[in-house]
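In: Please work out how this folds:
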Amino acid sequence: MKDNSPPNTHTYDFFALGEALVDLISNDVVESLANAITFERYAGGQTANLAMNMAGLGNRAALAACIGRDGLGDFVFSHLETAGVDTRHVQRTDQAPTTLVLVSRQTQTPAFIIYRGADAHLCNHTGLEEAVVGSRVIHTSAFALAREPARSTILTHLRTARQHRALITFDPNYHPKVWPDTQEYAHIVRQTFALVDVTKPSIDDATRLCGAGKTPREYAQTFLEWGAKTVLLTLGAQGVLVVTAGGQEHHVPANPVPVQDVTGAGDAFWAGFLSAHLRGSPLFEAAYFGQLLAEAKIGQIGPLATMPDWESLSSRVQKLTEHQSPQ
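Out: Prediction:
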């Protein structure tokens, strides 16, 4: 499939503002962390995972985040560099340890415990605004917006990105363990959605925010009403519903694959979708790339160790999308 992307004069294809942390994922599939005995350590965080995935797919990716000046921070920093992420905007702090999350390995929604730390200490610094202005895509997450001073830092730079017409993407990964005050979440997130082009809630995010019993279309409509221009509602085994403020709608079906670990599937979807978009794929076609990369991820334990070949992905998407168009 031909790369139709325009000539690129930007410093970065993708710049994430958000969290970098350590995930400790149980080695065994367990229903509760009470039953977990041993864990494997991974560099994690929604924005950090996505930056690593984007770099792995050949994009010029950078991350602004804060980690502790400790051994776990060294571990995260090393993984970011090894993955090819530009780390010049990754900050270190002595004020808190590197954020740590314990996660149960699951084939459905995993349980987790968060030990919040350094990620919330992301601050403005020299060169950050210039990096934002020089990026094609600016991305952040609700996790990153949950605490100050990271929240104010990120919102300031999203406004700058909006002025400079970058594509702004947002993962509204809501959970009451991260945002115990749902009203505060709604207030902050609505400010964010006023700046957002594309959002990717999961059906779990939507249900926790809006309550059970709505149709996927109704959930997607809520995010459009909040201000997003495009909603990619991921539905697990039911695929993805793509809905735009302009009235387009398309369902991307899921392919049956053996499930090993769902942690990070959303980040893999984002990487496939955004990489395809940056290469010039139309909106609904880019969602197929995201779905295929998410399926590759759930067949592995932990983050994507190796990225699928882009040409192979393109061939699969071409076959899947023949004779299809959005409604």
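In: contacting residues for Tyr115?
Out: 97, 99-102 (C-beta atoms under 8 Å, 6 or more residues apart in numbering). C-betas here are computed from N, CA, C, even on glycine.
In: one more time with 7 Å
Out: By C-beta atoms under 7 Å, 6 or more residues apart in numbering, the contact list for Tyr115 reads 99-100.
In: Which neighbouring elements make contact with the helix or strand of the chain with the lowest mean pLDDT?
Out: Within the chain, no helix or strand scores below helix 182-193, which has a mean of 88 by mean pLDDT, DSSP states H and E. When contacts are defined as 3 or more C-beta pairs under 7 Å, 6 or more residues apart in numbering; DSSP states H and E, helix 182-193 packs onto helix 142-145, helix 150-163.
In: So which residues make contact with it?
Out: So helix 182-193 is contacted by 142, 145, 151, 155, 158, 170, 172, 174, 179, 226-228 (C-beta under 7 Å, 6+ apart).
In: partners of the helix or strand just after it, with directions?
Out: Remark: after helix 182-193, the chain's next helix or strand is strand 198-199, criterion DSSP states H and E. Here strand 198-199 is paired, per DSSP bridges, with strand 167-171 (parallel), strand 230-234 (parallel).
In: Strand 230-234 and the helix or strand that the last one is followed by, what's the angle between them?
Out: Downstream of strand 230-234, the first helix or strand assigned by DSSP H and E is strand 240-244. Put simply, strand 240-244 runs at 170 degrees to strand 230-234, going by axes from the mean of the first three to the mean of the last three C-alpha atoms, to 10 degrees.
In: pLDDT at the residue positioned nearest the centre of the chain, what is it?
Out: Geometric centre of the chain, nearest residue: Asp267, 4.3 Å, by C-alpha atoms, centre = their mean. Per-residue pLDDT puts Asp267 at 95.
In: Excluding covalently adjacent residues, which one is nearest to it?
Out: Distances taken as C-beta to C-beta, 6 or more residues apart in numbering place Asn49 nearest to Asp267, at 4.0 Å, with adjacent residues excluded.
In: would you put the C-alpha positions of the longest helix belonging to the chain in PDB?
Out: Across the chain, the helix with the greatest residue count (assigned by DSSP state H) is helix 283-298. Provided in PDB are the C-alpha atoms of helix 283-298 (Å, rounded to 0.1, in the frame of the first residue of the first chain):
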ATOM      1  CA  LEU A 283      -9.800   7.300   8.800                       C
ATOM      2  CA  PHE A 284     -11.800   4.000   8.700                       C
ATOM      3  CA  GLU A 285      -8.900   2.200   6.900                       C
ATOM      4  CA  ALA A 286      -6.500   3.400   9.700                       C
ATOM      5  CA  ALA A 287      -8.800   1.800  12.200                       C
ATOM      6  CA  TYR A 288      -8.200  -1.600  10.600                       C
ATOM      7  CA  PHE A 289      -4.400  -1.200  11.100                       C
ATOM      8  CA  GLY A 290      -5.200  -0.500  14.700                       C
ATOM      9  CA  GLN A 291      -7.300  -3.500  15.100                       C
ATOM     10  CA  LEU A 292      -4.700  -5.800  13.600                       C
ATOM     11  CA  LEU A 293      -2.000  -4.500  15.800                       C
ATOM     12  CA  ALA A 294      -4.200  -4.900  18.900                       C
ATOM     13  CA  GLU A 295      -4.800  -8.500  17.900                       C
ATOM     14  CA  ALA A 296      -1.000  -9.000  17.500                       C
ATOM     15  CA  LYS A 297      -0.600  -7.600  21.000                       C
ATOM     16  CA  ILE A 298      -3.100  -9.800  22.800                       C
END
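In: and that helix, what does it pack onto?
Out: By 3+ C-beta pairs under 7 Å, 6+ apart, helix 283-298 packs against strand 240-244, strand 249-252, helix 265-278, helix 310-321.
In: Specify the beta-bridge partners of the residue nearest to Ala228 when sequence neighbours are not counted.
Out: Closest residue to Ala228 in three dimensions, ignoring its sequence neighbours and counting by C-beta to C-beta, 6+ apart: Thr199, at 4.4 Å. Legend: beta-bridge partners of Thr199 under DSSP bridges are Phe170, Val231.
In: Thr199 is in contact with Ile168, isn't it?
Out: No. Judged on C-beta atoms under 7 Å, Thr199 makes no contact with Ile168 at a distance of 9.5 Å.
In: Of these two, which one has the most company?
Out: Thr199 (26 against 22; other C-beta atoms under 10 Å).
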